Structure formats: C-alpha cells, structure tokens
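1. 3D model of this:
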Amino acid sequence: MSDVSVTVNEARYDVSDVEPRMLLSDFLRDRLGLTGTHVGCEHGVCGACTVLVNGDSVRSCLMLAVQADGTAIVTVEGLGSPEELNVLQSQFREHHGLQCGFCTPGMLMTGEDMLRKYPLATDDQIREGLSGNLCRCTGYQNIVAAIRSAAAMRREKEE
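-> Numbering: from 1, shown residues only. Presented below is the predicted three-dimensional model:
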C-alpha cells in the first residue's frame, strides 16, 4: 500500500493505504467522493474521465493514483458550482452542449484545457482538440458552438 498526497480542486488530500494499481479515476470517485469524473471505456478512448493534472488534460483511467502523488488536479467539480458556473459551463448550458450528460465532464475538462492553451480561432481547431472525446448523443455542433463562444468571451475579457 502507498500514501498519496494530492491537491484536488484546491483542497489538500493525504490518503493512506492506496493500492499501487488503483486508477486515478477510481481514486477520485471512490476514495475522494468526486463522482463528476465519469468512467466510460476504461481504455482512454472515450475521454469521459478527463481531468487536469498540473494544468494538462489527462485520462484518469490511464493514470495510477500513486503517479498523481504531489500533483494538483482539477476535476469537473472544480470548474464552478451550480450557483456560479464558469464561462465554459455557462456556454454549454446556453448552447445546449449536452444531452445525456455522460460525456460532459470530459468535454468540459478537455475544453477548459484547450481554452487555457490555444486561441481556438476556428471550428476545425475546436473539433481537432475534441477528437479524443466521444459523445454518442450529439453531432458535436452544440459542443463546438459552446467552446467557440467561451473562447470569444475569454478573448474579449483579456482585451
């Protein structure tokens, strides 16, 4: 067993007796109670389990919890709250960028990573960035529109 110390959504967690082969997704959900991170394929293909680790998007079903020791993690719970959505979340709501909602946490986390790193000037850039996230309910158009709108809002705010 191992000890894991992480900062998740700006809160410090020191957890002992972590199985060395426990996946980060299971650690977040089962040990920390952060169930917003969804587990879909468990092979890193669908993107539903995406979180930010030290600012980079990571498939939490492909990372061991012990590998996350000492890192700063942001899950979908860390983006905003139902009372105070962040810009991307509000644009997902405004543009109906979700249907069943299963893929939404991963889409939001991937979108957040892209918004922080890239200008996202075209829909093609957004679609390329989302290419590792699968949604079985939508044609992605509303998700792309939501991210495009959030990118424009962030650019306006920076000017």
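
2. got the buried residues for the longest helix along the chain?
-> Secondary structure assigned by DSSP state H gives helix 141-158 as the longest helix of the chain. Neighbour-count burial for helix 141-158, with 16 or more other C-beta atoms under 10 Å as criterion, is recorded at 142-151. To be clear about C-beta, it is placed using only N, CA and C from the backbone, and glycine gets the same treatment.

3. how is this protein carved up into domains?
-> 2-78, 87-158 (automatic domain parsing).

4. Specify which member of the buried residues of helix 141-158 is nearest to M107.
-> I143 (5.8 Å; C-beta to C-beta).

5. ok, the closest one to H96 distance?
-> Counting by C-beta to C-beta, to the nearest Å, the separation of I143 from H96 is 9 Å.

6. same check, this time on R148
-> Counting by C-beta to C-beta - R148 and H96 are separated by 14 Å.

7. Any stretches of this protein with poor pLDDT?
-> Applying pLDDT under 70 to the chain picks out residues 159.

8. What ranges does it have for its strands?
-> For the chain, applying DSSP state E gives strands covering 2-8, 11-18, 50-53, 56-59, 72-74.

9. most packed of those?
-> Ranked by mean neighbour count, these are led by strand 50-53 with a mean of 24 (mean count of other C-beta atoms under 10 Å).

10. Walk me through which strands it pairs with, and which way each runs.
-> Sheet pairing for strand 50-53, assigned by DSSP bridges, gives strand 56-59 (antiparallel), strand 72-74 (antiparallel).

11. would JSON lines of those with distance to R12 be doable?
-> Shown next, in JSON lines, are the strands paired with strand 50-53 (distance: least, C-beta to C-beta, whole Å):
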{"stretch": "strand 56-59", "distance to R12": "19"}
{"stretch": "strand 72-74", "distance to R12": "10"}
